[in-house]
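Chemist: mind looking at a prediction? Sequence and model below.
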Amino acid sequence: MAKFTTWDGLQLNYREWEGDGLPVVLQHGIVADTNANWMSVGVVAALQQAGHRVISLDARGHGRSEKPHDPARYSWQAMADDVKALYDELGLERVAQVGYSMGAIISLLVASSDDRVERLAIGGVGSGVVDCGGIDWRVIDAEDITAAMRGDGPGDVPLAAMFRILADALGADREAIAGVAGGLNEAPLKSLDAITVPTLVQAGDNDPFAAEPERLAAALPNARCVVVPGDHLTAIADPAYHTALVEFLA
């Protein structure tokens, strides 16, 4: 594990595994971190076995990175700029960018504006990107996540409660996660036309946050879609998810 200072002075944590070829940069989803989103579910192991150099960033407010509580420190563009700052820190000239859920939106933003991205793989998102310009807030409201993080218990909104339970299980800073949710309550993607690199869209067949992933793939100029068994938390652990990702990056 290592830390670097990002563009606005925050200390962010990343982890790197040595390998050959095009570096694979991972960006996790909200509440999660490198271990929860990529290591514990087998993604890092699958990429390592395939020989890839793997780099995973703990987003601001998450994992071992700095966790300000002010929602003004969180925005989609700020988090995309953090990924670009990591490229700069490591001297990366060519990357495969991989993201899940929140990390998928961040990865789309990076790919839309940074020509160092040569391949893109996103998961845990679907038609909400097309219809809402980012996270599908038709499924859950950012205020529900904030309330779940600040309440005495998970609350009675099932999907928000899921994130609260995950936060407690991971020992996450719930006030920081509330700040993240408040800061990301916007639609950052105005157009997908600029994302012309080969793209893989992956989704669980029972993931409410990733409904109609084929519509997202169709809206991207050079994308294909793979659906695997599972919901928002379990699809990424399915061996079919790992196989499709490794084959795409080969």
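Modeler: Arrived safely. Numbering: from 1, shown residues only.
Chemist: helix or strand right after the helix or strand that contains residue 111?
Modeler: For residue 111, the element it lies in under DSSP states H and E is helix 102-113. Note on helix 102-113: by DSSP H and E, the next helix or strand toward the C-terminus is strand 117-123.
Chemist: quick one: distance of whatever helix or strand comes next after that next one to the chain centre.
Modeler: Where DSSP H and E defines the elements, the next helix or strand beyond strand 117-123 is helix 127-132. Mean-position distance between helix 127-132 and its chain equals 16 Å (CA atoms, centre = their mean, to the nearest Å).
Chemist: now do the residue sitting nearest the centre point of the chain against residue 158, distance only.
Modeler: For the chain, the residue nearest the mean C-alpha position is residue 103 (1.5 Å; CA atoms, centre = their mean). For residue 103, the distance to residue 158 equals 22 Å [CB to CB, to the nearest Å]. Just so you know, the C-beta spots here come from the backbone N, C-alpha and C atoms, and that holds for glycine as well.
Chemist: quick one: residue 30 from residue 37, how far?
Modeler: Residue 30 is 10 Å from residue 37, where distance means CB to CB.
Chemist: that should have said residue 136, apologies.
Modeler: In terms of CB to CB, residue 136 sits 19 Å off from residue 37.
Chemist: looking at these two, which is more packed in?
Modeler: residue 37 (30 against 19; other CB atoms under 10 Å).
Chemist: that one and residue 221, how far apart?
Modeler: Counting by CB to CB, the gap from residue 37 to residue 221 is 27 Å.
Chemist: isn't residue 206 up against residue 233?
Modeler: No: with contact defined as CB atoms under 8 Å, residue 206 does not reach residue 233; the gap is 10.5 Å.
Chemist: the more surrounded of these two?
Modeler: More crowded of residue 206 and residue 233, by other CB under 10 Å: residue 233, with 19 against 12.
Chemist: are we agreed that that one is in a strand?
Modeler: No: per DSSP: H, G, I helix; E, B strand; the rest coil, residue 233 lies outside any strand segment and is coil.
Chemist: name the element residue 202 belongs to?
Modeler: strand 199-204.
Chemist: could you do residue 54 as well?
Modeler: Using DSSP H and E, the element containing residue 54 is strand 52-57.
Chemist: and after that strand, which helix or strand comes next?
Modeler: helix 76-90.
Chemist: what strands line up against the following helix or strand past that following helix, and which way round?
Modeler: Remark: after helix 76-90, the chain's next helix or strand is strand 95-100, criterion DSSP H and E. Its sheet considered, strand 95-100 pairs with strand 20-27 (parallel), strand 117-123 (parallel) by DSSP bridges.
Chemist: could I get those in TSV, plus columns for mean pLDDT?
Modeler: Listed next are the strands paired with strand 95-100 as TSV, based on pLDDT from 0 to 100:
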stretch	mean pLDDT
strand 20-27	95
strand 117-123	98
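Chemist: so which of those strands is nearest residue 177?
Modeler: strand 20-27 (16.0 Å; CB to CB).
Chemist: not including adjacent chain positions, what is the nearest residue to residue 112?
Modeler: Nearest non-adjacent residue to residue 112, counting by CB to CB, 6 or more residues apart in numbering: residue 194, 4.6 Å away.
Chemist: what is the neighbour count of the one you found?
Modeler: 13.
Chemist: that one in helix, strand or coil?
Modeler: Assigned by three-state DSSP, the conformation of residue 194 is coil.
Chemist: that one and residue 146, how far apart?
Modeler: Distance from residue 194 to residue 146, by CB to CB: 31 Å.
Chemist: coming back round to it: tell me which of the strands paired with strand 95-100 is the most buried.
Modeler: Most buried of those, by mean neighbour count (mean count of other CB atoms under 10 Å): strand 117-123, with a mean of 24.
Chemist: what's next to that strand, contact-wise?
Modeler: Applying CB atoms under 8 Å, 6 or more residues apart in numbering, the set of residues contacting strand 117-123 from outside is 22, 94-101, 104, 107-108, 110-111, 195, 197-203, 210, 235-236, 241, 245, 248-249.
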